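Novice: sequence and computational prediction follow.
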Amino acid sequence: MVAQSDFIITTQNLTKTYGRKPVVDRLNLAVPRGSICGFLGSNGAGKSTTIKLLLGLVKPSSGVGTVFGKDIVRDSIAIRERVGFLAQAPYFYGYLTARETLQFVASFFFKGSRAAIAARIEELIELVGLSGKADRPVRGFSGGERQRLGIAQAAINDPELIILDEPAAALDPLGRRNVLQILERFRGQSTVFYSTHILDDVQRVSDMVAILERGRLVAQDTIDQLLSGDRNLFSITVRGDGRTVCDRLKRVPWVKKTITTEVGVLGVEHHTTKLQVQVTNPNAAETELLRLVMADPTIIVTQFGRISYDLEDVFVDLVERELNHEQ
Ligand SMILES: Nc1ncnc2c1ncn2[C@@H]1O[C@H](COP(=O)(O)OP(=O)(O)OP(=O)(O)O)[C@@H](O)[C@H]1O
């Protein structure tokens, strides 16, 4: 059983309504301590609003939430002291260098001797890959360099939790990859909760994902779990009489369902049939399914494999289900 204290962020029915429209709708989040959690949703899904609720920057219309076990309304100042936060469009003084920017931020948020501050700044400059640029004014920085500086700024006081709002959204693919690699470096030191609308990014670095659509949480799980789901599907393409193959498979106890599509009819012996086989025991299927089909010498198997999904399939499926549910 997972104890409540294993979650660094929790919300119960957290709701924010603007006018009559809930933009965050009865949200039940549970972010495990130590995870890198992608908070995924299309533009306008309610990600920024959720982050503002967690940080006490806007007040919930109803529902409750905790960060470090502290109430997001009552204890918001105490929470903000312990969270490193990178806003969607961070502001920097263009005339300060990266090092001066971090010194400025450290003067507010870092408690320690001068030597300790200097060491932490050096460590972060290195961690975000700005060593060669630390003494240049920020006004000349690229979008990616600004985001990296923003991450260093958020991490200055070695926070237990770093929250980033779309840290990579405005960057080109290379810039995005750099930022994501930096997030990965916090593994084992801080919990990272970051919002994004880019599926690929989540699949690349997160351990877990919470998917938001129109203010509602449509899934929350580890990436592995979401991708495996309950879709134990195999695909087989055969030449020969596909119907007998199908009938045989239907009698196998771990075969749940078969779907056949005939793709070419050139006389019975040249029939090409594509089968999708849903199974309840994928291990058995992996070792026995192909053998079962090939037991018939009149059948030629031209393709066999497990159907794999990526996060995009899962996302589209979940969002469609949510939309159908609403109608
Ligand atoms: N202060 C506000 N007043 C009225 N509506 C608001 C306010 N803040 C946000 N909204 C609306 O709430 C919805 C969710 O906005 P939010 O910024 O949380 O989404 P998001 O998922 O972060 O999107 P994006 O990726 O585009 O930033 C949007 O329709 C937005 O217009």
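Specialist: Received it, and whenever you're ready, just let me know what you need. Residues are numbered from 1 along each chain as shown.
Novice: okay, CA-based contacts and neighbour counts for the rest of this
Specialist: Fine.
Novice: OK, contacts around the residue of the stretch 151-300 of the chain found nearest the ligand?
Specialist: Across the stretch 151-300 of the chain, the shortest distance to the ligand (C-alpha to the nearest ligand atom) belongs to His197, at 6.3 Å. Taking C-alpha atoms under 8 Å, 6 or more residues apart in numbering, we find His197 in contact with Leu40, Gly41, Ser42, Asn43, Glu166, Ala169.
Novice: out of those residues, which are buried?
Specialist: When the contacts of His197 are checked for burial by 16 or more other C-alpha atoms under 10 Å, the buried set is Leu40, Gly41, Glu166, Ala169.
Novice: thinking again about what came up before, just put the contacts of His197 in TSV and tack on distance to the ligand.
Specialist: As requested, those are exported to TSV (distance: C-alpha to the nearest ligand atom, whole Å):
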residue	distance to the ligand
Leu40	8
Gly41	6
Ser42	6
Asn43	4
Glu166	7
Ala169	9
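Novice: closest to Val83 among those?
Specialist: Glu166 (16.4 Å; C-alpha to C-alpha).
Novice: surely that closest one touches Asp201?
Specialist: No. Between Glu166 and Asp201 there is no contact under C-alpha atoms under 8 Å: 10.6 Å.
Novice: got any residues that touch both of these two?
Specialist: Joint contacts of Glu166 and Asp201 (C-alpha under 8 Å, 6+ apart) do not exist.
Novice: could I get the pLDDT score of the residue lying closest to Asn43 once chain neighbours are set aside?
Specialist: Nearest non-adjacent residue to Asn43, counting by C-alpha to C-alpha, 6 or more residues apart in numbering: His197, 6.7 Å away. For His197, the model assigns a pLDDT of 87.
Novice: next one: phi and psi at His197?
Specialist: Dihedral pair for His197: phi -110, psi 10, per degrees, to the nearest 10.
Novice: for the one 4 residues further on, same thing?
Specialist: Here is the backbone geometry of Asp201 (degrees, to the nearest 10): phi -60, psi -40.
Novice: which SSE is the closest residue to it other than its chain neighbours in?
Specialist: Leaving aside its sequence neighbours, Asp201 sits nearest to Leu180 (C-alpha to C-alpha, 6+ apart; 7.3 Å). When elements are assigned from DSSP states H and E, Leu180 belongs to helix 173-184.
Novice: neighbours of the nearest residue to Glu213 once chain neighbours are set aside, how many?
Specialist: Nearest residue to Glu213 in three dimensions, chain neighbours excluded: Ala45, at 5.1 Å (C-alpha to C-alpha, 6+ apart). Residues near Ala45, counting by other C-alpha atoms under 10 Å, number 20.
Novice: ok, now Met208?
Specialist: Neighbours around Met208, by other C-alpha under 10 Å: 23.
Novice: for Leu318, see how far away the closest residue to it other than its chain neighbours is.
Specialist: Closest residue to Met208 apart from its sequence neighbours, by C-alpha to C-alpha, 6+ apart: Thr222 at 3.9 Å. To Leu318, Thr222 is 15 Å away according to C-alpha to C-alpha, to the nearest Å.
Novice: was I right to think Ala154 contacts Ala87?
Specialist: No. Taking contacts as C-alpha under 8 Å, Ala154 lies outside contact range of Ala87: 9.3 Å.
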